[in-house]
Each structure stands twice: as structure tokens, then as C-alpha cells.
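In: How does the following fold in three dimensions:
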Amino acid sequence: MSANRQDAWTNDEDLILAEVVLRHIREGSTQLAAFEEVGERLSRTAAACGFRWNSAIRKKYEAAIALAKKQRKHSKQVKKEVSEPVETVEVAMEVEAKPQKRQQNQVEVVEEQQVSSQVDENGGSITMEKVIAFLKNQQTLLGQDQRLQKEKQQLLDENETLRKENARLEKEIKKMRQEKMTIAEDYQTLISIMDRARKLSLVGQENEQAMEK
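Out: Numbers count the residues shown, from 1 in each chain. Model prediction:
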């Protein structure tokens with residue numbers, strides 16, 4: 001029986017190569033980085049690891065590769081979306097506070113006008129000029145009130161829109177988290193399968209060694 005080549009890959013080395021490559025895919029890294037890491041661990045060149053992966057390992061783990069890519073995609077989406085609802089809530093709170101401040105300013109203007117009118121009534125005779133000035137002021141206040149009411153309604157509409165958008169984003173994040181949990185469970189199942197494959201491989205090696213003896 002011919003002796004085994006010294007550079008031949010063992011089943012354990014194949015499993016290490018597969019696990020590292022899948023981890024790099026899942027984390028958004030490159031296969032070259034994975035080959036370099038495996039090369040350092042197994043005292044092989046990155047080129048040798050790449051050749052072994054493409055020639056003998058890749059086809060066996062096509063389902064695992066697809067799962068790792070899916071998990072990487074969802075992880076990126078979750079990271080992107082998680083920060084958006086917080087910013088949306090802050091904007092909604094700021095918009096909600098603006099109508100209250102404008103309404104308070106409006107009340108102060110009306111109160112000042114009422115005080116001024118009372119001074120005229122108590123401090124001197126009512127002239128035509130004062131009546132005309134009073135009516136003009138009332139007309140100005142009426143126009144300001146209508147403008148403020150319109151702005152208030154616009155802000156309320158914007159606030160409602162922001163609330164709905166925030167609710168939609170929170171719903172999407174919840175869905176993504178559920179999908180991420182499902183992917184994590186699938187990944188654990190895959191790890192279990194690989195572990196069983198490793199054990200079966202070890203049993204096969206032991207049987208072969210026993211037969212050689």
C-alpha cells in the first residue's frame with residue numbers, strides 16, 4: 001500500500017477550512033482573508049487553501065454558503081434600520097412641541113391688545129383714529145391667527161406622518177429580528193450537521209486504520 005502524501009488534506013483540516021470560510025462570508029469579509037487565516041492555522045499557503053476550497057470543498061457546502069450570505073444580508077439591514085426609528089421619534093417630539101409654543105405666543109399678543117384697549121377706555125376719550133387703529137389691529141391679529149392655525153395643522157399632519165413612519169419602521173425591525181433568529185437557528189442546525197459529519201469522519205478514519213493494521 002502506498003504511503004499517504006505529506007501535503008494531503010485531512011478531514012479535520014477540510015472542516016476547519018469550511019468553518020472559517022463560512023464565518024468570513026457571514027461577517028461580510030472576503031474569501032481571500034479566510035484562506036489567509038486558514039493558511040496560518042494549518043501552515044499552508046493561502047493559494048493552497050483557495051485551491052482546496054474551490055476544487056473539493058465548495059460544492060459540499062453550497063447550502064451553507066447560501067445561508068451565510070442570507071445571514072450577512074439581514075445583519076446589514078438590521079444595523080441600518082435600528083438607528084432610524086430613534087431619529088424619527090426625536091423629530092416627532094420636536095414637531096409636536098412647536099404648535100404649543102406658537103399658540104402660547106398668540107395668547108400673549110391677544111392679552112397685550114386687550115390691556116391696551118382697556119387703557120384707552122379708562123384713560124381718555126375714544127376718538128375715530130383710535131377706533132380705526134383698533135380695528136386694524138384686530139384685522140392683523142385675525143390674519144395672524146388664521147396663519148398660525150394653518151401652520152399648526154400642517155405641523156400636526158407632519159407629526160402624524162412621522163408617527164406612522166416610525167410605527168412602520170418598528171414593525172419592519174421586529175420582522176427582521178424574527179428572521180435573524182430563524183437564521184441563527186438554521187445556522188445552529190448546520191453546525192450540528194457539521195459536527196456529526198466530523199464524528200462520522202473520525203469513525204471512518206479509525207476503521208481504516210484498524211483495517212490497515
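
In: okay, CA-based contacts and neighbour counts for the rest of this
Out: Fine.

In: could you give the mean pLDDT of the longest helix seen in the chain?
Out: Using DSSP state H to define each element, the chain has its longest helix at helix 128-212. Within the predicted structure, the mean pLDDT of helix 128-212 is 81.

In: What of stretch 22-41?
Out: Mean predicted confidence for stretch 22-41 is 93.

In: who touches that stretch?
Out: Identification of contacts with stretch 22-41 by C-alpha atoms under 8 Å, 6 or more residues apart in numbering yields 16-17, 20-21, 44-50, 64-65, 68-72.

In: Among those, name the buried ones.
Out: L17, V20, V21, A46, C49, G50, A64, I65, A68, K69, Q71, R72 (16 or more other C-alpha atoms under 10 Å).

In: any chance of these in TSV, with distance to L190 and secondary structure too?
Out: Below are those laid out as TSV (distance: C-alpha to C-alpha, whole Å; DSSP: H, G, I helix; E, B strand; the rest coil):
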residue	distance to L190	secondary structure
L17	15	helix
V20	14	helix
V21	14	helix
A46	25	helix
C49	22	helix
G50	22	helix
A64	7	helix
I65	11	helix
A68	10	helix
K69	14	helix
Q71	13	helix
R72	16	helix
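
In: Quick check: the two most widely separated of the residues you listed?
Out: A46 and Q71 (25.4 Å; C-alpha to C-alpha).

In: what residues does stretch 59-74 touch?
Out: By C-alpha under 8 Å, 6+ apart, stretch 59-74 touches 18, 22-23, 25-28, 176, 179-180, 183, 187, 190.

In: which of those count as buried?
Out: Among those, those classed as buried by neighbour count (16+ other C-alpha under 10 Å) are A18, L22, R23, I25, R26, E27, G28, M176, K180, I183, Y187.

In: just curious, which of these is nearest to A133?
Out: Among the buried ones among the contacts of stretch 59-74, M176 lies closest to A133 (C-alpha to C-alpha), at 63.8 Å.

In: what sits against that closest one?
Out: Taking C-alpha under 8 Å, 6+ apart, we find M176 in contact with H74, Q77, V78.

In: How about the second one: what's its closest non-neighbour residue?
Out: The spatial neighbour of Q77 that comes closest, neighbours along the chain excluded (C-alpha to C-alpha, 6 or more residues apart in numbering), is M176 at 8.0 Å.

In: Roughly how far does that neighbour sit from V78?
Out: With distances taken as C-alpha to C-alpha, to the nearest Å, M176 is found 7 Å from V78.

In: And for Q149?
Out: Q149 sits 40 Å away from V78, going by C-alpha to C-alpha.
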